[in-house]
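Need a 3D model of the following:
(2 chains)
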Protein chains: 2
Amino acid sequence: MINKIEISDKRFELSTGAGSDAIHKDPQYSYAVTNLTNENGITGTGLAFTLGAGNDLVCNAAQFYANTLKGLDIEELMSDFGQTFRTLSNEQQFRWLGPHKGVVHLGLASVTNACYDLWAKKRGVPLWKLLIDLSPEEIVNTLDLSYLEDVLTKEEAITMLQSQTDFKKSRESILDIGYPGYDTSVGWFNYDDEKVRENCKKAIANGFTAMKLKVGSTDPKRDIRRANIVRDVAGETSKVMLDANQQWTLPQAISICNELKNMNPFWIEEPTHPDDVLAHQILAKEIAPVKLALGEHVPNRIIFKNYLQTGCTGFAQVDAVRVGGVSEFITISLLCKKFGVPVVPHVGDMGQLHQHLVLFNHIAMGHEALFLEHIPHLKQHFKNPIKIENGVYITPQEAGSSCDLK
Amino acid sequence: MINKIEISDKRFELSTGAGSDAIHKDPQYSYAVTNLTNENGITGTGLAFTLGAGNDLVCNAAQFYANTLKGLDIEELMSDFGQTFRTLSNEQQFRWLGPHKGVVHLGLASVTNACYDLWAKKRGVPLWKLLIDLSPEEIVNTLDLSYLEDVLTKEEAITMLQSQTDFKKSRESILDIGYPGYDTSVGWFNYDDEKVRENCKKAIANGFTAMKLKVGSTDPKRDIRRANIVRDVAGETSKVMLDANQQWTLPQAISICNELKNMNPFWIEEPTHPDDVLAHQILAKEIAPVKLALGEHVPNRIIFKNYLQTGCTGFAQVDAVRVGGVSEFITISLLCKKFGVPVVPHVGDMGQLHQHLVLFNHIAMGHEALFLEHIPHLKQHFKNPIKIENGVYITPQEAGSSCDLK
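Numbers count the residues shown, from 1 in each chain, chains lettered A, B, ... in the order given. Reported below is the predicted structural model:
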């Protein structure tokens, strides 16, 4: 029974330039943390990620949702969590503040994630293990598929998962091999050329075969120069991704992406405003065969549905600390599977939670084990920080979702 | 010079059933109020509208933005307000909480609206008068057109307004005639059949020739029965609008709207989730020639652009206390003009502010003077409540935007 609820506002300093991109010049990585404790003293921890200012608003929203869970048994709650998610996300007064987006949805993410963490800890297993051992019906009972009826019904979701059951065992080999990572931190926006070059060398030395550069400079020549540096160090066989963090207008994006094509990027990420589905549709056609990666700022399953329907999404970067937590992350992963689009999460959680979710996506849903973003900047603040060796995430063995902060 | 900033959280009780719809069963109409006072003691008042819970979060966001305006001269600020809007709405840490949507954007609406109110009061004129007397360049300088470059440039916006200049004088006749209203309060969701019938009779007796019914019942037969009641009392010449407040899935909407067509609705409003641009596109084709009205929950110009690009928007219900205030309302009205779509605002402000804005839209932009929603439930709380006679808004003459609360 959940009998103690604590919400806390945690903000962390970053070293100079870390985390910077074309839009977010000086972020302060922060979490709205939900702690739900049961009668045995087991505490579930859930995160939502922000860049500092306003993290208190998300905490306030999380408190609003968490209060409704007091007195509930976690197993009972999770046996039908989809209905709870639907009820909470549609709370009739709070819903006006979204619906299903912005501060209130971030608050819901924090609470939802705490529920999944508590569930796994209570069963004494890592979240990936809990999820892959659930039956298709049990999984789908944790999801809210409302407003997706035109593309994904509950029955179809169950059938999709059932069709993968026979393949689960063989895919569990990933647990020993480890899930590949990619290095996001070689080229933050504020880093100078020399630092980018040095970081690329380090990434290669550390076993990474994929890395990301921030673009979106006022002068596109800077982007091209830096992109060529990364390609130069990384070599032709490594994957290099470019991330504009919404900086471009559509006309700018068309022009600049066509120039950046020359260095053969694996994807171009967040070229323009995350609400502009149709601009992405146009751009995707213009720059093919280079693909777009998007979703870091897409708040819910409904907008992801639209993105998938337009065919512009090369890679879906759903983030479980941005959408309504693990539940909506799984819903969106199912949508992506249906549309044949790989899921490569943005990791506002620094990969702590997502290392579990991509294992589940691969083993139980049949998603390709492409790679998972790696951002090391908050490592020292987690009780069980992710372990990455030779460019590969080592499968976590502790109970829960690895989100406890020190 | 703005030297005093006050934010207040105002919540009002409604009489039983008033304000209820298929999704929002028991709202508490509330405002996050921004007051900006200058050195002469003139106070500008701006509103953002919510349904109660979380109104404090919007106040908190408004405080964050308003603090940046301290010490600024209102004339100087408004001479280039588009740039200020762009800077505030992209504040690099706060932006993560949207961008341009949810709690933070509602907070920005409240602050933006206070700036326009202070500007008009300082000049001693009603807001409609201030706006129609501005030059096209001065208007466009108050707008942020970023992320619209693919459909509307600054130059084109100026040209659009210039092309209307010669017609302004003749359209000012609306100021004497009054802007038509429509009655939203005949059929709130929780009202029983008899109350709906009585309210329709009263609306007709009060001179309204257009009125709205809430639909989206669990049993579609209830919707059809109630719609027929309204049509029966209103007669064939009155316009009857139906509002589902996002209650339906796309498959449901297609089926139910095709049944509701029989009573010849003037529009069907918010059939499904406000983020689902593509569902609206499909639905609009299915139910033509009946048109969709939408926008009450659409938070910004970028999503409106997408809605307009798909051609599914019969009527754009942009609300200046939902999008980023008067500035973004005007931006969206320009977009609508370009796409040939009428603007019929949702009035979270109870029409206080929008009575000014629709006059401007008609006189200076050439939008059709169709009608403006009328909701009387907070009338007694405003210092200068809207006046409606014979179904027509009487043009306000007090300085400012009529948003001061008692």
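
any idea of the pLDDT on the closest residue to A:S185 other than its chain neighbours?
The shortest distance from A:S185 to any residue other than its chain neighbours is 6.1 Å, reached at A:I375 (CB to CB, 6 or more residues apart in numbering or on different chains). C-beta: built from backbone N, CA, C; applies to glycine. In this model, A:I375 is scored at 94, pLDDT.

ok, how many other residues are close to the closest residue to A:P265 other than its chain neighbours?
Once flanking residues are discounted, A:P265 sits nearest to A:L242: 4.7 Å by CB to CB, 6+ apart. The local packing count at A:L242 equals 27, with neighbours defined by other CB atoms under 10 Å in any protein chain shown.

Helix, strand, or coil at A:L242?
The local conformation at A:L242, judged by DSSP: H, G, I helix; E, B strand; the rest coil, is strand.

OK, contacts around it?
Taking CB atoms under 8 Å, 6 or more residues apart in numbering or on different chains as the contact definition, A:L242 lies against A:212-213, A:215, A:223, A:227, A:260, A:265, A:267-269.

Recalculate using a threshold of 6 Å.
A:L242 makes contact with A:213, A:215, A:260, A:265, A:268 under the criterion CB atoms under 6 Å, 6 or more residues apart in numbering or on different chains.

If we ignore the residues flanking it in sequence, what's nearest the closest residue to chain B within the stretch 101-250 of chain A?
Evaluated by CB to the nearest CB, the stretch 101-250 of chain A has A:G102 as its residue closest to chain B, separated by 1.7 Å. The shortest distance from A:G102 to any residue that is not its chain neighbour, by CB to CB, 6+ apart, is 1.7 Å, and that residue is B:G102.

Please list all residues in contact with the one you found.
The neighbours of B:G102, taking CB under 6 Å, 6+ apart as the test, are A:98, A:101-103.

so can I have TSV of those residues showing secondary structure?
Formatted as TSV, the entries for the contacts of B:G102 read as follows, by three-state DSSP:
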residue	secondary structure
A:G98	coil
A:K101	coil
A:G102	helix
A:V103	helix
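
Name the member of those residues with the most neighbours.
Neighbour counts for the contacts of B:G102 were taken using other CB under 10 Å; the highest belongs to A:V103, which has 33 neighbours.

Spatially nearest residue to that one (excluding sequence neighbours)?
Counting by CB to CB, 6+ apart, B:V103 is the residue found nearest to A:V103 once chain neighbours are left out, at 3.9 Å.

show me what contacts A:G44?
For A:G44, the contacting residues are A:36, A:114, A:117-118, taking CB under 6 Å, 6+ apart as the criterion.

Now the element after the helix or strand that contains it, going C-ward?
When elements are assigned from DSSP states H and E, A:G44 belongs to strand A:43-50. Downstream of strand A:43-50, the first helix or strand assigned by DSSP H and E is helix A:55-66.

about what we covered before: biggest separation within the contacts of A:G44, which pair?
Maximum pairwise distance in those, criterion CB to CB, is 8.2 Å, between A:L36 and A:D117.

If you count surrounding residues, which of the two has more?
Between A:L36 and A:D117, A:D117 has the larger neighbour count (other CB under 10 Å), namely 30 against 26.

Could you pull up phi and psi at that one?
The phi/psi pair for A:D117 (degrees, to the nearest 10) reads phi -70, psi -50.

A:E236: how many residues sit nearby?
Neighbours of A:E236 under the rule other CB under 10 Å: 7.

Please name the nearest non-neighbouring residue to it.
Here the nearest residue to A:E236 in space, its sequence neighbours aside, is A:N264; by CB to CB, 6+ apart that works out to 7.7 Å.
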